[in-house]
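sequence? don't have it. structure:
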């Protein structure tokens, strides 16, 4: 009887493979970064073949570090950076173009035209999404419009489209030799092409965008007891292991945090920052700049939905301070700098590097540093960098309260930035609620493992998963209400300064 579950986490900056035991504990892992490609300001690409090569490498590395073989895994789950999009040749597996990353703003003109013809909310009733550069559908259109070879192959039925879980699953299950071309409901809900009610591709939207339906993957549950195919014995696992779980990274964290009941919420602090509130089996339309999206779907069960607030730049702002400004050598050093001062000295950083996501949806915005005086130094700037993530999260919570009518009582947190205690305390202070970190902070990968484990019978059900969740630390609010209001008002003024920076021409 296999004793472990494996999960691929194909993220924005790296790919990982983590092996979990029955209690949800990590027994082995490996990770490798991939190149970030910036062809011009606001554009971001990845090399899909580099990512697939890295995925194979980290699978082998994790198995070696754990001292186990692939045949000891009961199943494989995948979680992924969601809207990042690739178009490739079904016969060779060769991409027609680099993957266009979720942060990329190159589809601005496409989205502007869609908005001009029907408004930013023209597809929201069907898809739950505003028209924005964030989503996958316009990225597919851009590749097909800009790469004639891709368009010809798409019309002939020789091109496949997909987000990164689709790409990895296709290769894991055989690639050109019969690989499964599937996407789970959570990733499909981020394309701006799927009907939230029917969980099927919407032909009218496909027609508007000029996307041939035959290139799109089959939509499947996040946890699918039918499996999409086994891995190959000649592949990185060296064994035939069912691939039967896939969840977009933020929804995977929701599953990993066992937020299975309406009203439960989690926030993931990674490259971006994503707050999800479980809302039940019916989608709740947002009137305050949030996204209505799929939370997950288990085989044979109704889909669950959530409201989401998506922030483009969180941990990526710390990376920018490291790589572009050279203020630190390692991301962990930002907290050491920030703790040298008690406040930001009136400095705010709004990281609208490629526009503002929720709740503003302003692609014309660009990043600013405001409130600078001769008094301000690198310590104030470092603290403002950390506080920016907490303020952006508060923007989301304010909108979520208005949409759902549910006041947030506590916030479960995960992701790389939750080790930053200064940030977590300020987050609790500015939200005025407890912030709670679990013992296993790698909840994104854990959620993908849970999806595959439920499908394969490795775990009996959601109650067993809840029993695995253990609190590690909690932060309680300790800020006076008037001071909180003053700080947040300053943030609002800083956000205003980012708007209308990019002209339509």
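Everything's here; your move. Source: prediction; values computed, not measured.

so what's residue 420 up against?
By Cβ atoms under 8 Å, 6 or more residues apart in numbering, residue 420 lies in contact with 334, 335, 386. (C-beta placed from N, C-alpha, C; glycine too.)

sec struct for residue 386, please.
helix (DSSP: H, G, I helix; E, B strand; the rest coil).

that one and residue 344, how far apart?
Distance of residue 386 to residue 344, given as Cβ to Cβ, to the nearest Å: 9 Å.

show me where this protein dips below the pLDDT cut-off.
Applying pLDDT under 70 to the predicted model, the residue ranges of the chain that meet it are 504-505.

quick check: end-to-end length of stretch 433-449?
30 Å (Cα to Cα, to the nearest Å).

for residue 31, what are phi and psi?
phi -150, psi 150 (degrees, to the nearest 10).

tell me where the stretch 401-505 of the chain has strands.
If you assign secondary structure with DSSP state E, counting those that start in this stretch, the strands in the stretch 401-505 of the chain sit at 411-414, 435-438, 471-475.

return the most buried member of those.
Burial of the strands of the stretch 401-505 of the chain is given as mean neighbour count (mean count of other Cβ atoms under 10 Å); strand 411-414 ranks first at a mean of 25.

mind listing the strands it pairs with, and their directions?
In the sheet containing strand 411-414, the strands it pairs with under DSSP bridges are strand 265-269 (parallel), strand 435-438 (parallel).

show me where the stretch 51-200 of the chain has strands.
Taking DSSP E, counting those that start in this stretch as the criterion, the stretch 51-200 of the chain carries its strands at 73-80, 85-89, 99-100, 159-163, 182-184.

what would the ones you listed look like in TSV with mean neighbour count?
Rendered in TSV, the data for the strands of the stretch 51-200 of the chain read as follows (neighbours: other Cβ atoms under 10 Å):
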stretch	mean neighbour count
strand 73-80	30
strand 85-89	26
strand 99-100	27
strand 159-163	27
strand 182-184	27
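
among these, which is nearest residue 487?
Of all those, it is strand 73-80 that lies closest to residue 487, at 34.3 Å by Cβ to Cβ.

not counting its neighbours along the chain, what's nearest residue 487?
The spatially closest residue to residue 487, leaving aside those adjacent along the chain, is residue 430, at 6.9 Å (Cβ to Cβ, 6 or more residues apart in numbering).

give me the number of residues near the one you found?
Other residues near residue 430 number 20, with proximity taken as other Cβ atoms under 10 Å.

quick one: neighbours of the closest residue to residue 421 other than its chain neighbours, just the number.
Spatial nearest neighbour of residue 421, excluding adjacent residues (Cβ to Cβ, 6+ apart): residue 335 at 7.2 Å. By other Cβ under 10 Å, the residues close to residue 335 number 19.

what comes up buried for stretch 41-54?
Going by neighbour count (16 or more other Cβ atoms under 10 Å), the buried part of stretch 41-54 is 42, 43, 44, 45, 46, 47, 48, 49, 50, 51, 52, 54.

my error: substitute stretch 139-152 in the last question.
Within stretch 139-152, the residues that count as buried by 16+ other Cβ under 10 Å are 139, 140, 141, 142, 143, 144, 147, 150, 151.

what's the first-to-last distance across it?
Across stretch 139-152, the straight-line distance between its terminal residues is 17 Å, by Cα to Cα.

what does it rub up against?
For stretch 139-152, using Cβ under 8 Å, 6+ apart, the contacting residues are 83, 85, 87, 96-97, 100, 104, 106-107, 110, 154, 159, 161, 191, 209-211, 215.
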